[in-house]
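> Got a predicted structure here, sequence first:
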Amino acid sequence: MKNILILISLFLTTFYSHAQSSFLYNKAEQRLIKIIGRNIRVSREVGETQASFIFSLRFVINEDGRLDTVMSSKLFPKALADVVLDKSLYNGVEWKEILKNNPRMAIILPVTVTSSDYDGLKAFGLKGIIEQFNFPGVSQSSMECYLMQPFSIVYSPPIK
């Protein structure tokens, strides 16, 4: 019975992410969020506490239209695997399609991770919103950026 519930939970999470991506994003953006959605892992401990997270990922694209740097905002939770910061994950993303052939820009993708039973995002005030866009070491440099629609990942608490 537990296995069936786990499979249903995984299906619903995948379906929700897919449905969300189909309406809000172009094909290149869909590829990007699919990679992120598949590589963010919520540990059992986090699931049991039903914690919620809000953070941003910053992708710096060079003049050739290739990914130069992946950064997370200061709010990136240590409880989530930081595998999404590995540049090699994003080899198949068409950055020029996302940026509409604009050279040398940054893409910022706000991400929320929350359980289906808890609306923890209400706990984030103005400070949380400001920190979501605070990237270590970038405050002294300015760069044009493209702010994508926020991407939400909803997870189910573990079955006891």
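Received the coordinates, thanks. Numbering: from 1, shown residues only.
> contacts, neighbours, all on C-alpha from now
Noted.
> show me where pLDDT drops low in the chain?
1-24, 81, 101, 103-104, 116-133, 136-143, 160 (pLDDT under 70).
> again, only using 80
Applying pLDDT under 80 to the chain picks out residues 1-25, 43, 46-47, 50-51, 79-82, 101-104, 115-144, 156-160.
> quick one: the strands in it?
53-61, 67-72, 106-115, 145-147, 151-155 (DSSP state E).
> So in terms of bridging, what pairs with the closest residue to residue 146 other than its chain neighbours?
Counting by Cα to Cα, 6 or more residues apart in numbering, residue 107 is the residue found nearest to residue 146 once chain neighbours are left out, at 4.8 Å. Residue 107 has these beta-bridge partners by DSSP bridges: residue 59, residue 146.
> ok, now how distant is residue 107 from residue 100?
12 Å (Cα to Cα, to the nearest Å).
> how many other residues sit next to residue 92?
By other Cα atoms under 10 Å, 11 other residues sit near residue 92.
> can you count the residues close to the spatially closest residue to it that is not a sequence neighbour?
Nearest in space to residue 92, with sequence neighbours left out and distances taken as Cα to Cα, 6+ apart, is residue 31 at 8.0 Å. Residues contacting residue 31 under the criterion other Cα under 10 Å number 17.
> Helices along the chain, start to end?
Along the chain, the stretches classed as helices by DSSP state H are 2-24, 27-39, 44-49, 95-99, 126-132.
> Contact partners for the residue nearest to residue 150 when sequence neighbours are not counted?
Excluding its sequence neighbours, the residue lying closest to residue 150 (Cα to Cα, 6+ apart) is residue 110, at 4.6 Å. Residue 110 makes contacts with 54-57, 132, 148-151, as judged by Cα atoms under 8 Å, 6 or more residues apart in numbering.
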